[in-house]
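1. Predicted structure and sequence below. I'll ask about it afterward.
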Amino acid sequence: MGVCGYFVVSWKCLVVLSFRLLFLVPPGLPVHSQGDSQTDNKVMDNITVRQGETVFLRCPQGDIVTHTAWLNRSSILYAGEDKWSVDPRVSLVTLNQEEFTIKIEDVDMTDEGPYICAVQTSRRPRTTSVHILIQGDLASEDEYLDIPSISRQRAGTYECTAVNDIATDVQTVEITVNYAPSVSEGRDVGVTLGQRGLLECEADAVPEADFEWYRDDRRIFNGFDGMEIEDAGQLSKLTFFNVSEADYGNYTCIAINKLGSSNTSFVLYEVIEPTSSTLLQEPGAVQDGNSGSMGTHVHTYTCLLLAILQFLLRF
């Protein structure tokens, strides 16, 4: 069956999903499998290039094409004229009725593998498959690191070292995992009337999230009612420079990127400062209406003791 035949079969689910995602197939219209006569599948010869060269992937169009896309092992590179890949080495060369061609510059070992061109014509969906083989500078077997079901914790820099009697070659690959925002739980804040208040919203997201602040269901903009919004990376701050009675209440922070959103809520509540009379008051002191009469009794008792003491001192 060969390499190309194998990856076409194993890619069946990915191609079907891509057709759905790109709206190549209208809702309700079934996508047929490889063996179905309603779908044209073509396997091209392998393309072999040396590491560092440029490879062109050409997809013949024909008929009246409504949608078209190039895919690699795990993602969409181009959907029509829209670039989905974040790799700057990938670019669109030609897109017309005759062909759909993209190029990958400065190829390396990570570019090796299967690629598929998915096309929706006026009659039926069609796929064209090709396998890219990369020739490295070292005469050694290729090594692959397979990361199934990749998570955000697997993002980072990976390094592969190849060594033989002639030379040592080191290749590094930076893996970026995109994911929807995750917002830290909001902390309620107490502020004294007339003082400065601060609410902080932190979100973990790739790409970085945009922030929106709301008071109940009303959005807050920078400078609104004396409030300031400051966004810096993963953190957004809502500052109150002179808290008023109207500022106390419920607030919501929403973090958004192209993959989703997340939110958390805060309560800004009033803190009452103790008065000077409260601070001077002794613990356990009586605060009812009898406190004045009790003080009078103590004063009278003290005067009586002094009179008795003076009387005894005469003898």
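-> Looks like it came in fine.

2. contacts and neighbour counts: CA atoms only from here.
-> OK.

3. okay, the residue nearest the centre of the chain: pLDDT?
-> Most central residue of the chain, judged by C-alpha distance to the mean C-alpha position with Cα atoms, centre = their mean, is A205 at 2.2 Å. You'll see A205 listed with a pLDDT of 94.

4. Over to V173?
-> Looking at V173, the pLDDT reads 90.

5. could you say which helix or strand contains it?
-> strand 168-175 (DSSP states H and E).

6. Name the strands paired with that strand and say parallel or antiparallel.
-> Sheet pairing for strand 168-175, assigned by DSSP bridges, gives strand 156-163 (antiparallel).

7. contacts for the strand it pairs with?
-> L138, T168, D169, V170, Q171, T172, V173, E174, I175, T176 (Cα atoms under 8 Å, 6 or more residues apart in numbering).

8. Please check the residues you listed and keep the buried ones.
-> Buried residues within those, counting neighbours by 16 or more other Cα atoms under 10 Å: none.

9. Now render these as CSV, adding distance to K237.
-> As requested, the contacts of strand 156-163 are arranged in CSV below (distance: Cα to Cα, whole Å):
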residue, distance to K237
L138, 53
T168, 49
D169, 47
V170, 43
Q171, 41
T172, 37
V173, 35
E174, 31
I175, 30
T176, 27
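
10. before we move on, the earlier item: can I get the CA coordinates of the strand holding V173 in PDB?
-> The C-alpha trace of strand 168-175 is given here as PDB (Å, rounded to 0.1, in the frame of the first residue of the first chain):
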ATOM      1  CA  THR A 168      27.100  16.900  15.900                       C
ATOM      2  CA  ASP A 169      23.900  18.600  14.900                       C
ATOM      3  CA  VAL A 170      21.400  20.200  17.200                       C
ATOM      4  CA  GLN A 171      17.900  21.100  16.200                       C
ATOM      5  CA  THR A 172      15.500  23.000  18.500                       C
ATOM      6  CA  VAL A 173      11.700  23.300  18.000                       C
ATOM      7  CA  GLU A 174       9.500  25.800  19.900                       C
ATOM      8  CA  ILE A 175       6.000  24.400  20.500                       C
END
